[in-house]
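Enquirer: Provided below are the primary sequence and the corresponding predicted coordinates.
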Amino acid sequence: MIEFKDVSKVYPDGTKAVKDFSLTVQEGELLALIGPSGCGKTTSLKMINRLIEPSSGHILINHKDISDYKLSELRWNIGYVLQQIALFPHMTIEENIAVVPEMKNWKKEALHKRITELMEMVGLDPDTYRKRKPSELSGGQQQRVGVIRALAADPDIILMDEPFSALDPISREQLQEDIQKLQKEIKKTIVFVTHDIDEALALGDRVCLMKDGEIVQLSTPQELILHP
Ligand code: ADP
Ligand code: ADP
C-alpha cells in the first residue's frame, strides 16, 4: 500500500509540479494517473521510488516512510517500466530480464524457470527470443520485455510511465491485455501514468485525474463515465 500525505514538489527553478498531493493506493490496486502533459504525473510517480525527492510531505509504503528504507531495498521492491524502451542493447533478452533477480542472488534454475514463465505470459516464445539482442525484436516486443523485466524479481509495486506510448496501435492493444491479465493473476499494486483517457478507463481500478499538480477527481472508471 502506498500513501501520499500532503506531498509537494517544487523544482529548483520554482516550478510547482505537485501541490499537496494526498492519496492512498491500496494493495493490489491499479491506479491510473491521468491528465494533460505537464500536470505532474511523472513527478508523482518518480517520487515513489525516490528518483525525485519531495519538497515537503511524506510518502509511505506499507506504513513506513520511504526515506526510512534503504534505497536498494526500496528499488528492489518496486518495478519500474519506462516510457522509452530502455533495454541494455549489448545484452540478450534473457540477460536483460535477469538483472534485478541476479542482484538478489536468485539461483540459476529458479531464474531460468521464471524467465520462461514471464516470456510465455506475454507471448514471446522463450526458445526463439531468449538469446536474441533487443535490436532483433520489434518495438512492441521490446516494450513487453521492459514490462516483464520490471516484474522479474517479483516486486510488490510496479510503476509504469506511459509504457505504450512508443507502440503502434496493435502492439498497444496486446500490451494492454497483458497488463490486465497480470493485474488479475498476480494482484500487484500498480501505478500507471497515461494521458489517454480510454487507457485509464480500461485498465484502472481507480482513475486519478490531475491538473496543474493537483488532484481534480479520484474515482472508479464507472463513476467517471457516469459523472464526468
Ligand atoms: P512527460 O512525457 O511525462 O511529460 P517530460 O517530457 O515532461 O515527460 O519530461 C521528460 C524529462 O525531462 C523528465 O525527466 C523531466 O524531469 C524532465 N523535465 C521536464 N520538464 C522539465 C523542465 N522544465 N526543466 C527541466 N527538466 C524537465
Ligand atoms: P507530466 O508527467 O504530467 O507530463 P511532469 O511531472 O513531467 O508532468 O512535470 C510537471 C511540471 O514540472 C511541468 O511543468 C514540467 O515542465 C515541470 N518539470 C518536470 N521536471 C522538471 C525539472 N527537472 N525541473 C524543472 N521543472 C520540471
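Expert: Done, it's in. Ligands and ions are numbered 1, 2, ... in the order given.
Enquirer: which helices and strands sit right next to the helix or strand Gln143 falls within?
Expert: Using DSSP states H and E, Gln143 maps to helix 139-151. Packed against helix 139-151 by the contact rule (3 or more CB pairs under 8 Å, 6 or more residues apart in numbering; DSSP states H and E) you find strand 78-81, helix 93-103, helix 108-121, strand 157-161, helix 169-186. C-beta coordinates here come from the backbone N, C-alpha and C atoms, glycine included.
Enquirer: So which residues on the chain come close to ligand 2?
Expert: Neighbours of ligand 2 within the chain, by CB under 6 Å from any ligand atom: Tyr11, Asp13, Thr15, Ala17, Gly35, Ser37, Gly38, Cys39, Gly40, Lys41, Thr42, Thr43.
Enquirer: The fourth one and Leu118: what is the separation?
Expert: If I follow you right, that is Ala17. Look at Ala17 and Leu118: by CB to CB, to the nearest Å, they are 34 Å apart.
Enquirer: Does Arg114 touch Pro101 like I think?
Expert: Yes. Taking contacts as CB atoms under 8 Å, Arg114 lies within contact range of Pro101: 6.9 Å.
Enquirer: Could you give the number of residues near the closest residue to Asp6 other than its chain neighbours?
Expert: Nearest residue to Asp6, sequence neighbours excluded (CB to CB, 6 or more residues apart in numbering): Gly57, at 4.2 Å. A count of nearby residues for Gly57, using other CB atoms under 10 Å, gives 17.
Enquirer: What residues sit buried inside the helix or strand bottoming out on mean pLDDT in the chain?
Expert: Lowest by mean pLDDT, DSSP states H and E among the helices and strands of the chain is helix 169-186, with a mean of 77. Applying a neighbour-count criterion of 16 or more other CB atoms under 10 Å, one finds Ser171, Arg172, Gln174, Leu175, Gln176, Asp178, Ile179, Leu182, Gln183 buried in helix 169-186.
Enquirer: helices or strands up against it?
Expert: Contacts defined by 3+ CB pairs under 8 Å, 6+ apart place helix 169-186 against helix 108-121, helix 139-151, strand 189-194, helix 197-203.
Enquirer: right, so the ones you listed: which one is the most enclosed?
Expert: For the helices and strands packed on helix 169-186, the largest average neighbour count (mean count of other CB atoms under 10 Å) is found in strand 189-194, namely a mean of 24.
Enquirer: Give me the mean pLDDT for it.
Expert: Mean pLDDT, computed over strand 189-194, is 93.
Enquirer: Relative to it, what are the paired strands and their orientations?
Expert: Partners of strand 189-194 in the sheet, by DSSP bridges, are strand 30-34 (parallel), strand 157-161 (parallel).
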